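Enquirer: got a sequence here, can you build the structure:
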Amino acid sequence: TMGLLWDLHSLYGEQATDDRKRFRTLSRILNVTPGDVAAWDHIEETAGVVDAWRELAEIYNETANALEDSGSQVQLRLRLARIYRDRLDSTDQARRIHHEILDVEPENEEALEALENIDEALEDHPELLKIYRRRFDASQYTGEKMAYAFKMASEMADHLDDLEGAINSITLVLDLDPEY
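Expert: Model prediction:
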């Protein structure tokens with residue numbers, strides 16, 4: 001069955017140039033083998049050609065729910081979040097999915113970075129502070145920890161009217177490097 005579906009994918013793409021049928025065939029492949037990363041790559045390429053991003057988001061959501069492996073599920077949800085953010089201009093959906101990823105993998109760097117970028121763009125200072133704190137906690141590098149401690153202090157002092165919290169964040173820097 002899988003070989004036949006891949007043959008159809010090739011036929012529609014290379015010989016018949018029917019990208020809509022190629023998209024549908026790839027969605028069938030994902031129904032049968034939801035963890036097929038090659039199918040993920042091909043269907044995204046095809047979605048771009050036929051402008052089927054909303055449809056692909058629905059397919060990815062269903063496919064991610066069908067995956068049993070949490071690592072594969074996280075990888076597919078990262079793709080889904082990028083589609084919502086970059087192709088469907090839905091930062092709320094992207095944000096929600098990134099938070100779901102962090103529920104499974106609390107230190108997922110890609111989800112944390114995406115949320116940091118989203119919250120910075122939206123100027124959502126309380127959420128940005130939470131992300132800075134998570135990134136501070138997740139980092140294993142002193143310099144990076146110090147940078148996030150300074151970012152936390154800046155958010156608290158400049159946007160959240162929390163001078164005591166800002167001072168506590170600066171204290172974290174001194175705890176990391178007493179000679180600073």
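Enquirer: tell me the buried residues in stretch 49-63?
Expert: Buried residues in stretch 49-63, counted by 16 or more other C-beta atoms under 10 Å: 50, 52-53, 56-57, 59-61, 63. Glycine gets a C-beta too; all of them are placed from N, C-alpha and C.
Enquirer: tell me which helix or strand of the protein sits lowest on mean pLDDT?
Expert: For the chain, using mean pLDDT, DSSP states H and E, the weakest element among its helices and strands is helix 2-10, scoring a mean of 57.
Enquirer: the longest helix in the protein is where?
Expert: The single longest helix within the chain, with elements called by DSSP state H, is helix 142-158.
Enquirer: would you mark the buried spots in that helix?
Expert: Along helix 142-158, the positions that meet the burial threshold by neighbour count (16+ other C-beta under 10 Å) are 145-157.
Enquirer: how about CSV for these, with pLDDT and distance to residue 173 added?
Expert: Supplementary listing: these in CSV, determined by pLDDT from 0 to 100; distance: C-beta to C-beta, whole Å:
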residue, pLDDT, distance to residue 173
145, 96, 8
146, 95, 5
147, 96, 9
148, 97, 10
149, 97, 5
150, 96, 7
151, 97, 11
152, 97, 10
153, 97, 8
154, 96, 12
155, 96, 15
156, 97, 13
157, 96, 14
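Enquirer: doesn't residue 47 make contact with residue 22?
Expert: No. Look at residue 22 against residue 47 with C-beta atoms under 8 Å: they stay out of range, at 10.3 Å.
Enquirer: skip the chain neighbours and tell me the closest residue to the most centrally placed residue in the chain.
Expert: Residue closest to the mean C-alpha point of the chain, counted by C-alpha atoms, centre = their mean, is residue 78 at 3.5 Å. What sits nearest to residue 78 in space, not counting adjacent residues and going by C-beta to C-beta, 6 or more residues apart in numbering, is residue 110, at 5.6 Å.
Enquirer: contacts for the helix or strand harbouring the one you found, please.
Expert: Secondary structure from DSSP states H and E places residue 110 in helix 109-122. With C-beta atoms under 8 Å, 6 or more residues apart in numbering as the contact definition, helix 109-122 has outside contacts at 78, 81-82, 85, 91, 94-95, 98-99, 101-102, 105, 124, 127-128, 131-132, 134-135, 138.
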